[in-house]
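Peer 1: Below are the sequence and a predicted model for it; my questions follow.
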Amino acid sequence: MIKNILNLGDSAVYCDFGPEVNKETNRKVINYFKFLKEKNIDGVLNLTPSYNKLIITFDLNIISFQKLKDFLITIKIDQSKNSDGKKLEVPICCDEEFSLDIQRLEKKLNLDSQKILQRIFEKKYFCYMTGFIAGMPFFGDLDSDMRCNRLETPRLKVPKGSIGITEQFANIYTEESPGGWNIIGKTPLEVFDRNNQENPVLINPGDVIQFKLITKKDFDNYR
């Protein structure tokens, strides 16, 4: 259930599902996102889900904030029918040239690199949202003793395909970008394909992924 519905500027609605960041809250966001997407409401231009929020942008010439809010209040979704999206395996190479922050993580987490990677690869991760840069997926949840703050000084350029962790989350940089996440490896997967106009995003909110360790040779020959 939506906790609060507010104006965001003059042509967007801010739907707040509460302060918690967890699967239960995020699944509610995703269920509303999917429901509204299927409804294809006249005047709604874009739907942007996040960890615990949903932003709806609309055309003021077609629909008003009040009309949209009144509709949102009437929505009843059976949350018991939750189901995860697709399940994917994401190959990662963690050779030294790709694991840019593994030594930093060893010091911060008080674990050796082998143990850090073992812990990361043994888990399954839930995609909470995509964004920041096109198609970038944000995954949770790292165990509490595996969490580390962002870099004190962010990089100006993080290579495309890099896998980063910070706090309770992991992500994949879909394009070269500035960033301050702790980089532990790189995937050869094309997570966002701008040439695929129909379905450019490989990983969507609600999907479940697991990382798979590959060698540098596998990485180079992946395609």
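Peer 2: Looks like it arrived, so ask away. Every value quoted in this text rests on a predicted model; they were computed, and no experiment measured them. Numbering: from 1, shown residues only.

Peer 1: For the rest of this, base every contact and every neighbour count on C-alpha atoms.
Peer 2: OK.

Peer 1: show me where this structure has helices.
Peer 2: Residue ranges of the helices in the chain, as given by DSSP state H, are 23-39, 65-74, 102-109, 113-121, 216-220.

Peer 1: Tell me which of the ones you listed is the most buried.
Peer 2: Here the criterion is mean neighbour count by mean count of other Cα atoms under 10 Å, and of the helices of the chain the winner is helix 23-39, at a mean of 18.

Peer 1: quick one: the closest residue to residue 192 other than its chain neighbours from residue 117, how far?
Peer 2: Nearest residue to residue 192 in three dimensions, chain neighbours excluded: residue 201, at 4.9 Å (Cα to Cα, 6 or more residues apart in numbering). Using Cα to Cα, to the nearest Å, residue 201 is found at 26 Å from residue 117.

Peer 1: now residue 180
Peer 2: From residue 180 over to residue 117 (counting by Cα to Cα), the distance is 19 Å.

Peer 1: same thing with residue 140?
Peer 2: Separation of residue 140 from residue 117 (Cα to Cα) stands at 16 Å.

Peer 1: before we move on, the earlier item: which one of the helices of the chain lies nearest to residue 210?
Peer 2: helix 113-121 (6.9 Å; Cα to Cα).

Peer 1: helices and strands around that closest one, which ones?
Peer 2: In terms of contacts (3 or more Cα pairs under 8 Å, 6 or more residues apart in numbering; DSSP states H and E), helix 113-121 is packed against helix 102-109, strand 208-214.
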